[in-house]
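Novice: Got a sequence here, can you build the structure:
(chains A and B)
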Amino acid sequence: MRPNLAQNIKKTVVLKSSVSMNQFQTLLINVADWWLFLLRFFKELFHLPFEFNEFVRQGYKIGNKSLGLVTITGFIMGLVLTIQSKPTLADFGAESWLPGMVAISIVREIGPVITALICAGKVGSGIGAELGSMRVTEQIDAMEVSGTHPFRFLVVTRMLATSIIVPILVFYSDFVGILGSYVGANIDGDVTLQLFLMQATSSLEFSDLIPATIKSVFFGLVIGLAGCYKGYNANKGTESVGVAANEAVVAASLLVFLVDLIAVQFTNIIL
Amino acid sequence: MSVEEKVLVLENLGKSFGSNKVLNGVSIDLVKGENLVILGKSGSGKSVLIKCIVKLIDNDEGTINVFGTSLDEVSPADLNKMRARIGFLFQGGALYDSMSVRENLEFPLVRHHRDLDQDAIDDKVSTALDNVGLLDAADKLPAELSGGMRKRIGLARTLILNPEIMLYDEPTTGLDPVTSNEISELILEMQKKYQTSSIIITHDMNCAKLTSNRIAMIRDGKIYETGTFEELKSKEDPWIQSFFI
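Specialist: So this is what the prediction gives:
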């Protein structure tokens, strides 16, 4: 029995190591494929003629689609942050720091990340489903065989639109968040909007705004990348549309956190 | 038949998906002005064959010569120019569902002929729609069209670039017999009007009878037999006969 047991263990170890090796290989291939897709985006971005009308249409669609949700979440974010922080600051007699603290928290971190996650869910899944559906119904193939550069028309325009619109939505969300904070501060207090905004903005510096803006551009880029990559490379079959949308959200959310982590490290080194 | 008359030459074409060898040395020519029907059972590699011709799928073995040029030797830019000379009608029409019928037709046209003004574009779109009898559908969305109408619009979108070769992937599948006949007649009409050479993938024998100058039968990834509809019908081979019952 002993040799058999040893053989079984050996077989299991070999099998498990070969499985993990295959998984590792698959992971490497996937990472390489994502990189190639991103590089192709940058390569095709500078190819003329640029699909300007489609870019504007996508930009409008992305902004319009997310505006409502960004408004609600941005407002609640500022309101809740203020309501939660106010008693603690009051205990230390530092209530006057509230506008500045909330503004820095929102502009530096909470605003960009929450807005990016909203867009990852709303926009990433939309792009993944739309392109996935186009792949399944052979619309992308039809563009390909008519020699009309589907990558340029479908992917470049969407990725560029998310890269530009997400930072704009972040600015908007920051502003709405500070307004929410003002409402929170006035629930059991009395501060004028002018004073609140003055205190909030005076505590902000360019070193808060610039990294957050650059980070937001990358958030937009990875949201577009995830949606386009998953949709454009969807398999045949109707099930693939749902899979593409789902995987686009998961990948976009993970990439947002990854970019955030890298951005924080980078900002700490630079500033 | 001189070499110059051949617009498409396939030699020993092979394609495998994993261990499944779908095409196993397909060799066939398409002569200028000819309608070649490819018949075969489902899964015999008919669609893969025409997708290899436009490089939607890369062949593993063999060569594809289009208008005397090997597709293995052309650059991506030249391949796109070549593709504009080859029309492909997909099984479901593959209309861009976010665009109206007019925008569907304009899409390839404006990207290949950037010098055209709006009047010329409108003129070409109207002519193409008129050819398929759907001038009134210009402002409709694909979702508002029936299966037959989608195929007609798909055909109009393909023909708007005046392709020299047309590839039809099961043009009558999923249609009722009357609409199938209409599509088959439309294929013939367009061939005469635009002087195209066509490969028609089908297992609709009525479509094959109506449209074919020559039929190639595909079996086990190879061309099993070629001939006219009547020649093949008179063969005693049970496998060939099974298509004509």
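
Novice: Spit out the contact partners of B:Phe244.
Specialist: B:205, B:232-233 (C-beta atoms under 8 Å, 6 or more residues apart in numbering or on different chains). In short, each C-beta sits where N, CA and C put it, glycine included.

Novice: I meant B:Pro142, not that one.
Specialist: So B:Pro142 contacts B:93, B:95-97, B:99, B:101, B:104, B:150, B:153 (C-beta under 8 Å, 6+ apart).

Novice: buried stuff in stretch B:205-217?
Specialist: If you call a residue buried by 16 or more other C-beta atoms under 10 Å in any protein chain shown, then stretch B:205-217 has these buried ones: B:205, B:207-208, B:210-212, B:214-217.

Novice: contacts for it?
Specialist: B:28, B:34-40, B:171-172, B:177, B:180-181, B:183-185, B:187-188, B:191, B:198, B:200, B:202, B:223-229, B:232, B:240, B:243-244.

Novice: Helices - which of those land there?
Specialist: Judged by DSSP state H, the contacts of stretch B:205-217 include B:177, B:180-181, B:183-185, B:187-188, B:191, B:229, B:232, B:240, B:243-244 as members of helices.

Novice: could you dump those residues to CSV with pLDDT?
Specialist: As requested, those are arranged in CSV below (pLDDT from 0 to 100):
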residue, pLDDT
B:Pro177, 85
B:Ser180, 86
B:Asn181, 87
B:Ile183, 86
B:Ser184, 89
B:Glu185, 89
B:Ile187, 88
B:Leu188, 89
B:Gln191, 85
B:Phe229, 91
B:Leu232, 90
B:Ile240, 89
B:Phe243, 86
B:Phe244, 84
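
Novice: These, buried ones only, as a ChimeraX selection?
Specialist: Provided next is the ChimeraX selection string for whichever of these are buried by 16+ other C-beta under 10 Å:
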select /B:180,181,183,184,187,191,229,232,240,243
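
Novice: Near chain A, which residues of chain B? Just list them.
Specialist: B:54, B:56, B:79-84, B:86, B:88, B:90-92, B:94-98, B:107-108, B:111-112, B:114, B:154, B:157-158, B:161 (C-beta under 8 Å from any C-beta of the partner chain).

Novice: Sort out which of these are buried, if you could.
Specialist: B:54, B:56, B:80, B:82-84, B:86, B:88, B:90-92, B:94-96, B:107-108, B:111-112, B:154, B:157-158, B:161.

Novice: Restricted to strands, list the residues you listed.
Specialist: B:86, B:88 (DSSP state E).

Novice: Go through the buried ones among the residues of chain B next to chain A and flag which are in helices.
Specialist: Short answer: those in helices (DSSP H) are B:80, B:82-84, B:107-108, B:111-112, B:154, B:157-158.

Novice: OK, contacts around B:Ile153?
Specialist: If you count contacts by C-beta under 8 Å, 6+ apart, B:Ile153 has them with B:93, B:95, B:101, B:104-105, B:129, B:132, B:134, B:137, B:142, B:145.

Novice: Confirm B:Gly25 sits in a strand?
Specialist: Yes - B:Gly25: assigned to a strand according to DSSP: H, G, I helix; E, B strand; the rest coil.

Novice: Where does pLDDT dip in the chain?
Specialist: Went with chain A since none was named. A:1-21 (pLDDT under 70).

Novice: try chain B instead
Specialist: Short version for chain B, where the test is pLDDT under 70: B:1-4.

Novice: Spatially central, which residue of chain B would that be?
Specialist: B:Leu167 (1.4 Å; C-alpha atoms, centre = their mean).

Novice: Tell me how far the helix or strand hosting it lies from the chain's centre.
Specialist: In the assignment (DSSP states H and E), B:Leu167 maps to strand B:165-169. Put simply, strand B:165-169 sits 1 Å off its chain's centre (C-alpha atoms, centre = their mean, to the nearest Å).

Novice: Could you pull out the buried residues of stretch A:95-110?
Specialist: A:95, A:98-99, A:101-110.

Novice: closest to B:Glu11 among the residues you listed?
Specialist: For the buried residues of stretch A:95-110, the closest approach to B:Glu11 (C-beta to C-beta) belongs to A:Glu109, at 62.4 Å.
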